[in-house]
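Asker: heads up, no residue letters with this:
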């Protein structure tokens, strides 16, 4: 039967603190394990993390670089010549993804005037530049937004 007065922690689980400056016999007398002189031996004498003795630290020597915009990967441009490759009655975001022109992660598309379009197309829910709009309407296509 276990009694409260017999309960003790496992042997070796409770380590006693290092008692500094308690005489030569303790092993940590005199300099208390800090060695002789120097910045590290002084009270409050230590340096900041990444301190290199006054030399320009590596994080300041190296150039700042790298940035990936989360919003830039959500938008894409499609040319008029790419539109003519889409075999769908109504060209919308899903039709462009199905044709393999844009990836699935794209949320918005803008059609730009680049290349030629010969076939009339029906565009729905996609923005167009001024020139691309005129080119689509000139061929006989329709735009609904």
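Answerer: Received, thanks. Just so it is clear, the model here is predicted, and its values are computed rather than measured. Numbers count the residues shown, from 1 in each chain.
Asker: what are the buried residues along stretch 79-95?
Answerer: If you call a residue buried by 16 or more other C-beta atoms under 10 Å, then stretch 79-95 has these buried ones: 79, 80, 82, 83, 86, 91, 92, 93, 95. Quick note: C-beta positions are derived from backbone N, CA and C, even for glycine.
Asker: could you dump those to CSV with pLDDT?
Answerer: Shown next, in CSV, are the buried residues of stretch 79-95 (pLDDT from 0 to 100):
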residue, pLDDT
79, 93
80, 91
82, 90
83, 88
86, 88
91, 92
92, 92
93, 93
95, 93
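Asker: return the member of these nearest to residue 114.
Answerer: Nearest to residue 114 among the buried residues of stretch 79-95 is residue 79, at 3.9 Å by C-beta to C-beta.
Asker: coming back round to it: show only the entries of the buried residues of stretch 79-95 found in helices.
Answerer: Members of those lying in helices (criterion: DSSP state H): 80, 82, 83, 93, 95.
Asker: and the gap between the last one and residue 126?
Answerer: In this structure, residue 95 and residue 126 are 10 Å apart, going by C-beta to C-beta, to the nearest Å.
Asker: can you name the two of the ones in helices among the buried residues of stretch 79-95 that are farthest apart?
Answerer: Spatial extent of those (C-beta to C-beta) is set by the pair 80 and 93 at 17.0 Å.
Asker: and the helices in this protein?
Answerer: Under DSSP H, the chain gives helices at 58-61, 80-83, 93-99, 130-139.
Asker: give me the domain ranges for the protein.
Answerer: Domain assignment for the chain by automatic domain parsing gives 20-66, 72-144.
Asker: which one of the ones you listed is the most hemmed in?
Answerer: Sort the domains of the chain by mean neighbour count, taking mean count of other C-beta atoms under 10 Å, and domain 72-144 sits at the top with a mean of 15.
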